[in-house]
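K.L.:
quick one, what's the 3D model for this:
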Amino acid sequence: VYVFAGDHGVVAEGVSAYPQEVTALMVKNFLAGGAGINVLSRRACADVYIVDVGMKERLENAHGLIDKNIKRSTENMAKGPAMTVDEAQQAINTGVEIALSASNNGVNMIATGEMGIGNTTPSSALYSVLLPADIAEVTDKGTGLEDEGVRLKIKVIQKALDINRGLLDDPVSTLAAVGGLEIAGICGLCLGAASRRMVVVVDGFISSAGALLAMRICPAVKDYLFFSHKSSEKGHMILCEKEGIRPILDLDLRLGEGTGAACAMQIIEDAVSICTDMATFDDVGIKAGA
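P.N.:
As a prediction, this is how the structure comes out:
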């Protein structure tokens with residue numbers, strides 16, 4: 001499980017119920033093995049890797065952290081582009097390189113996870129542009145906003161799309177304008193894994209934004225993606241309907257981190273075992289109609 005971490009300048013607009021500092025605190029918890037993704041990954045016998053592609057805070061002596069930081073938080077997308085196209089491409093390339101490295105080490109299934117306070121806002125913006133869909137249809141409570149907070153979030157996303165209107169012509173420039181570095185990393189992970197015919201288990205709402213980007217860049221990527229669960233964020237169902245996706249689980253999950261993907265990995269492995277190890281009727285001598 002690869003958990004990509006990044007911060008978001010748009011948090012300054014009041015779109016999150018939690019302060020930006022929580023990103024670093026949660027990453028420390030991941031590294032200490034105490035978060036939901038750690039617990040569920042242990043159950044799935046999966047390793048967890050934390051990748052800093054855009055955290056604002058530099059973590060000193062953070063044992064186990066994969067430091068691929070490109071930018072200390074995105075800019076405020078409500079005032080201009082979140083990042084440059086070059087920075088977005090660097091983050092995508094980071095994800096590609098990580099997937100290729102995993103493949104070279106014999107891994108055949110990887111899962112996506114993320115951490116970044118405020119990252120449902122750029123995710124909703126990307127859904128709106130890339131599906132496309134009305135902003136209100138794909139914007140929800142995130143980490144716990146009340147109705148007034150959701151209305152503000154919709155206004156902020158609209159402002160961001162308006163101010164970056166001329167930069168939304170293709171997937172990568174759209175990512176640079178209103179996306180996030182961890183979302184870009186997930187996009188690259190999907191692209192790199194698909195190039196090696198690896199299974200990618202996609203987590204929830206935010207991870208699916210990265211997967212959607214990958215599908216828009218290279219539609220064939222979809223054949224290698226297993227969407228782990230239906231997120232309780234309402235925009236995720238819009239994605240599933242428009243893209244013909246049937247998530248494996250429907251449990252009203254909204255934690256992120258890769259937790260839904262960790263749960264689904266076990267089901268995928270169970271399915272493979274059934275296909276490869278279970279005896280057929282022919283094997284045990286049962287005849288049709290007998």
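K.L.:
CA atoms for contacts and neighbours, from now on please.
P.N.:
Noted.
K.L.:
quick one: low-confidence parts of the protein?
P.N.:
Low-confidence regions of the chain, defined here as pLDDT under 70, cover residues 290.
K.L.:
element containing the spatially most central residue of it, please.
P.N.:
Nearest to the centroid of the C-alpha atoms of the chain, with distances taken as Cα atoms, centre = their mean, sits Ser207, at 1.4 Å. Per DSSP states H and E, Ser207 falls inside helix 205-217.
K.L.:
which elements pack onto that helix?
P.N.:
Helix 205-217 sits against strand 109-115, helix 120-130, helix 171-178, helix 181-195, helix 234-243, with contacts defined as 3 or more Cα pairs under 8 Å, 6 or more residues apart in numbering; DSSP states H and E.
K.L.:
right, and the helix or strand after that helix?
P.N.:
For helix 205-217, the succeeding helix or strand toward the C-terminus, using DSSP H and E, is strand 225-227.
K.L.:
contacts for that next one next, please.
P.N.:
Counting contacts by Cα atoms under 8 Å, 6 or more residues apart in numbering, the residues outside strand 225-227 that touch it are 190, 199-204, 208, 211, 245-248, 261.
K.L.:
okay, and which of those map to helices?
P.N.:
Members of these lying in helices (criterion: DSSP state H): Cys190, Ser208, Ala211, Ala261.
K.L.:
what's the closest of those residues to Ala62?
P.N.:
Sorting the ones in helices among the contacts of strand 225-227 by how near they are to Ala62, with Cα to Cα, puts Ala261 at the top with 24.8 Å.
K.L.:
and for that closest one, the neighbour number?
P.N.:
31 (other Cα atoms under 10 Å).
K.L.:
contacting residues around the closest residue to it other than its chain neighbours?
P.N.:
With sequence-adjacent residues excluded and distances taken as Cα to Cα, 6 or more residues apart in numbering, Ala261 is closest to Asp203, at 4.6 Å. Contact analysis of Asp203 by Cα under 8 Å, 6+ apart lists Ala111, Thr112, Gly113, Phe227, Ser228, His229, Gly256, Glu257, Gly258, Thr259, Gly260, Ala261.
K.L.:
for Val48, what are phi and psi?
P.N.:
Torsion angles at Val48 (phi, psi; degrees, to the nearest 10) stand at phi -120, psi 130.
K.L.:
can you give me the distance of it to Ala35?
P.N.:
Using Cα to Cα, to the nearest Å, one obtains 11 Å as the distance from Val48 to Ala35.
K.L.:
for Leu253, list the residues it contacts.
P.N.:
For Leu253, the residues meeting the contact criterion (Cα under 8 Å, 6+ apart) are His229, Lys230, Ser231, Ser232, Gly260.
K.L.:
out of the residues you listed, which is nearest to Glu182?
P.N.:
Closest approach between those and Glu182, by Cα to Cα: Gly260, at 17.4 Å.
K.L.:
count of residues packed around that closest one?
P.N.:
Counted by other Cα under 10 Å, the residues lying close to Gly260 total 32.
K.L.:
tell me the buried residues in stretch 211-220?
P.N.:
Along stretch 211-220, these residues count as buried under the neighbour rule (16 or more other Cα atoms under 10 Å): Ala211, Leu212, Leu213, Ala214, Met215, Arg216.
K.L.:
with stretch 121-140 instead?
P.N.:
Within stretch 121-140, the residues that count as buried by 16+ other Cα under 10 Å are 121-131, 133-140.
K.L.:
now the buried members of the contacts of strand 225-227.
P.N.:
Among the contacts of strand 225-227, those classed as buried by neighbour count (16+ other Cα under 10 Å) are 190, 199-204, 208, 211, 245, 247-248, 261.
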